[in-house]
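In: Build the 3D model from these lines:
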Amino acid sequence: MKSEDTPFEGGPMDGRSLPVLLGPTGRPPKTYRIPVPDAAGGPPTVLVYRRVPRGHGGRLGLSQGWKYAYDPEGRAGGRLKWPWSKPDATPGGTRDDADG
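Out: Predicted structure coming up:
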């Protein structure tokens with residue numbers, strides 16, 4: 001498999017670059033999860049990073065690749081959204097007035 005050194009921005013991994021395996025399309029995964037073991041032997045903390053464009057350069061505006069930005073909330077994402085799926089709950093678990 002092919003890998004690419006991808007920079008990380010924000011959080012504990014800020015400024016580091018790790019080799020990330022690329023998918024069949026030549027892109028790294030949308031989310032990158034890093035489990036960090038707990039010193040007291042408890043469950044590990046999981047750091048979540050989201051893939052964002054590194055930037056656009058030159059006259060043509062071509063993409064310069066990808067980087068990972070820290071997501072402190074670590075919300076579950078990347079799942080398929082089908083038209084018949086129920087929408088996610090609003091923050092706090094309450095419904096909007098538009099929901100009825």
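In: If we ignore the residues flanking it in sequence, what's nearest K2?
Out: L22 (4.9 Å; CB to CB, 6 or more residues apart in numbering). Where you see a C-beta, it was placed from the backbone N, CA and C, and this is true even at glycine.
In: Would you double-check that P12 falls in a helix?
Out: Yes. Counting by DSSP: H, G, I helix; E, B strand; the rest coil, P12 falls inside a helix.
In: The residue nearest to K2 reaches E4, doesn't it?
Out: Yes. If you go by CB atoms under 8 Å, L22 and E4 touch, sitting 5.8 Å apart.
In: Give the residues shared as contacts by those two.
Out: P28 (CB atoms under 8 Å, 6 or more residues apart in numbering).
In: contacting residues around stretch 35-50?
Out: 8, 11-13, 30-34, 68-71, 73-75, 77.
In: are any of the residues you listed buried, and which?
Out: By neighbour count, with 16 or more other CB atoms under 10 Å, the contacts of stretch 35-50 hold 8, 13, 31-32, 34, 68, 70-71 as buried.
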